[in-house]
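K.L.:
Just the structure for this:
(one chain, ligands or ions: 2)
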Amino acid sequence: MKYIDIANKKLDEMRNRDDILILAIESSCDETAVAVMRGRELLSNVIASQIDIHKRFGGVVPEIASRNHTMAIDNVTKQALEEANVTLEEVDCIAVTYGAGLLGALLVGVSYAKALAYATQKPLIAVNHIKGHISANYIAKPDLQPPYLCLIASGGHTTIAYVKSLVDVEIKGTTQDDACGEAFDKVARVLGLPYPGGPQIEQLAKEGVANIPLPTPYKDKDTYDFSYSGIKTAVINYAHKCEQKGEELRRADLACSFQEKVTDIMVDNTLRCAVDMKVDTVVIAGGVGANGVLREKMEMRAKEKGIKVYYPPLKLCTDNGAMIASQAYNMIKTGAKSSDIDLDANANVRVFD
Ligand code: KG4
Ligand code: ZN
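P.N.:
Ligands and ions are numbered 1, 2, ... in the order given. Alright, predicted model coming up:
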């Protein structure tokens, strides 16, 4: 029997179980991450971050990311199995992020997962990274049920998605230029803060006041879309003007003004969409979802409208293997087939693919 037939037969046999043991691999950017999950229960979640390596370059260098994934992936996998107290033989299924992300980085995880799946003749589930971010919420809140609205705010995406089922989403609004995490990172650079900029800006903003005016994109337009390039340019121009005039740059105020503006827009768009669609649950996902101001603002304003808000713990917001395991579980439960060993990475997968 061919690998794919064996894999699909095994998948069908396990589909109705609630204790499927999934080993999930994530290597789309600068985190080599592997998690083990039994059903909805997270057994281990090991993350080897390369942040310190990329920091000195002010952002992720793709080639360096790939090389470091290659060096880390085997040990991270072994550690994840060890912490979960399970053996590779006991694992039912291998899951892996196949996109979106950096192609070379993705390829490391995909090749490793394929080798593992083939060698052990276990099913291979190819997971969309962005849907993985959404699914981090099922770990934190196992009784969460679609439909709900999800704000996905990460380094690569800013999207409002209507989550129709465990696997299907519909886009309601998305960024027309930069992703919000990207904007956080670029503004941080202007402020002389290291990569990744989001947590740094959040920290610095605590010492500032939002008193520097920044533009509101699509102010009078009836849209749930986002745009960050105008805000980013306004921050850069403000910093340059200060420099030209020989004035001291009020870095904390600028960080605070930027953070207030972008979180206001994210919250306004998401809640406006929720009200228009008569959806009573909003969920936050992605790295920028770790932002405390965004979380608080969303909760406070949603409460006024009778809308419930959920978000994952910080460790499950930024890239991790647990969210990939969680989405793989959803996929298995809704009839997904195993990938074959010709599975390829795809840097440009969209959330609805
Ligand atoms: O989801 P993620 O880990 O990777 C992608 O899939 O892109 O998101 C990384 C992004 C970075 O741009 C980082 O600056 C941002 O999330 N981020 C934050 C915070 N923590 C991480 N942005 C704002 N506030 C934070 N606390
Ligand atoms: Zn991500």
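K.L.:
near ligand 2, which residues of the stretch 251-353 of the chain show up?
P.N.:
In this structure, the stretch 251-353 of the chain approaches ligand 2 at residues residue 319, judged by C-beta under 5 Å from the ion. All C-beta atoms are positioned from the backbone trio N, CA, C, and that covers glycine.
K.L.:
Which parts of the stretch 251-353 of the chain are strands?
P.N.:
Secondary structure of the stretch 251-353 of the chain (DSSP state E, counting those that start in this stretch): strands located at 281-285, 308-310.
K.L.:
Repeat that for the chain.
P.N.:
Along the chain, the stretches classed as strands by DSSP state E are 21-26, 31-38, 41-49, 93-99, 124-128, 148-153, 158-163, 169-174, 281-285, 308-310.
K.L.:
Of the strands of the stretch 251-353 of the chain, flag the one that's most buried.
P.N.:
With neighbours defined by mean count of other C-beta atoms under 10 Å, none of the strands of the stretch 251-353 of the chain is more surrounded on average than strand 281-285, at a mean of 25.
K.L.:
That one - contacts with which helices or strands?
P.N.:
Strand 281-285 is packed against helix 129-140, strand 148-153, helix 251-277, helix 292-304, strand 308-310, with contacts defined by 3 or more C-beta pairs under 8 Å, 6 or more residues apart in numbering; DSSP states H and E.
K.L.:
what sits against the nearest residue to residue 162 once chain neighbours are set aside?
P.N.:
Ranked by C-beta to C-beta, 6 or more residues apart in numbering and with sequence neighbours excluded, the top spatial neighbour of residue 162 is residue 170, at 4.4 Å. With contacts taken as C-beta atoms under 8 Å, 6 or more residues apart in numbering, residue 170 has the following neighbours: 161-162, 164, 352.
K.L.:
Ligand 2 contacts on this structure?
P.N.:
154, 319.
K.L.:
Those residues of the chain touching ligand 1, which are they?
P.N.:
Taking C-beta under 6 Å from any ligand atom, the part of the chain that reaches ligand 1 is made up of 29, 154-156, 181, 184-185, 196-199, 202, 286-288, 290-291, 318-319.
K.L.:
what's the burial count for the closest residue to ligand 2 within the stretch 151-300 of the chain?
P.N.:
When distances are taken as C-beta to the ion, the stretch 151-300 of the chain reaches nearest to ligand 2 at residue 154, 4.5 Å away. Burial of residue 154 is recorded as 26 neighbouring residues (other C-beta atoms under 10 Å).
K.L.:
who's in contact with it?
P.N.:
Residues in contact with residue 154, defined by C-beta under 8 Å, 6+ apart, are 130, 133, 179, 181, 285-289.
K.L.:
Between those, which sits nearest residue 141?
P.N.:
Distances from the contacts of residue 154 to residue 141 were compared by C-beta to C-beta; the smallest belongs to residue 285, at 12.1 Å.
K.L.:
Got the confidence number for that closest one?
P.N.:
Residue 285 carries a pLDDT score of 97 in this model.
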